[in-house]
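Asks: Can you look at this prediction? I've put the sequence above it.
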Amino acid sequence: MIDRRTLLAAALAGAALPAALPTLAAGAGSLRIGYQKNGILVVAKQQRVIEARLKPLGIGVTWVEFSFGPPLLEAISLGAIDLGQTGDAPPVFAQAAGSPLVYVAAQEAAGSGAAILVQRDSPIRTLADLRGKRVAFAKASSAHNLTIAALEKGGLTYRDIEPVTLAPADAAA
């Protein structure tokens, strides 16, 4: 069952469609949507609601999956996709790097899905224990932002750790 928050997010995501329709009607013929394995676009893809709305207009939908936000935003910047959804931090990093992004909607973050993980037998028990340690995260991602905020909270700086930038799938190894 869809709750009000999900319904609102779907409505906001749908708000992006009218902006893209003139371009599509001018001959592109397909709306290219970047998505990740979570979020409202996954629900829209599964339920084919965007396809249903655009089919009468002769517009198809192409879905392109991304493992995390920064590559999705790079694809938008390069014109490889038309729109996508990502976490809060990647667009900030992208715009700081000069990417010409336009925000069409925002959804409040739940705030409970982020954590710094260590192995059960690790001696790391506090943020201060990160000093001198290798810390892995995806560059320009929400995990990157979390790491910086956690270091500050623990009285450390970025120079106090050895950052290891990895894609999310690689970080587990």
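Replies: Here it is on my side, so go on. Here the structure is a predicted model, which means the values were calculated and not measured.
Asks: quick one: low-confidence parts of this protein?
Replies: By pLDDT under 70, the low-scoring segments of the chain are 1-28, 109-112, 172-173.
Asks: mind running it again at 90?
Replies: In the predicted model, the chain carries pLDDT under 90 at residues 1-29, 37-40, 86-89, 92-93, 97, 99-117, 138-143, 145, 166-173.
Asks: Would you mind splitting it into its domains for me?
Replies: 30-97, 127-170 (the TED database).
Asks: Make TSV from those domains and add distance to Gln119 and mean neighbour count to it.
Replies: In this view, the C-beta of every residue, glycine as well, is placed from N, C-alpha and C. Formatted as TSV, the domains of the chain follow (distance: least, Cβ to Cβ, whole Å; neighbours: other Cβ atoms under 10 Å):
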stretch	distance to Gln119	mean neighbour count
domain 30-97	22	17
domain 127-170	12	15
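Asks: For those, give me JSON lines that also has distance to Val118.
Replies: Output for the domains of the chain, formatted as JSON lines (distance: least, Cβ to Cβ, whole Å):
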{"stretch": "domain 30-97", "distance to Val118": "21"}
{"stretch": "domain 127-170", "distance to Val118": "9"}
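Asks: which element is Val164 on?
Replies: Using DSSP states H and E, Val164 maps to strand 162-165.
Asks: Show the subsequent helix or strand relative to that strand.
Replies: helix 168-171.
Asks: what's the offset of that next one from the middle of its chain?
Replies: 15 Å (Cα atoms, centre = their mean, to the nearest Å).
Asks: do stretch 52-65 as well
Replies: The chain centre lies 22 Å from the centre of stretch 52-65; the measure is Cα atoms, centre = their mean.
Asks: Which parts of this protein are strands?
Replies: For the chain, the strands defined by DSSP state E cover 30-35, 60-65, 83-84, 134-137, 162-165.
Asks: which residues are contacting the last one?
Replies: Same thing as strand 162-165. Residues outside strand 162-165 that contact it (Cβ atoms under 8 Å, 6 or more residues apart in numbering): Gly132, Lys133, Arg134, Val135, Ala136, Phe137, Ala138, Lys139, His144, Thr147.
Asks: Next, format the residues you listed as CSV and append distance to Arg48.
Replies: Formatted as CSV, the contacts of strand 162-165 follow (distance: Cβ to Cβ, whole Å):
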residue, distance to Arg48
Gly132, 50
Lys133, 46
Arg134, 43
Val135, 40
Ala136, 36
Phe137, 34
Ala138, 30
Lys139, 34
His144, 34
Thr147, 37
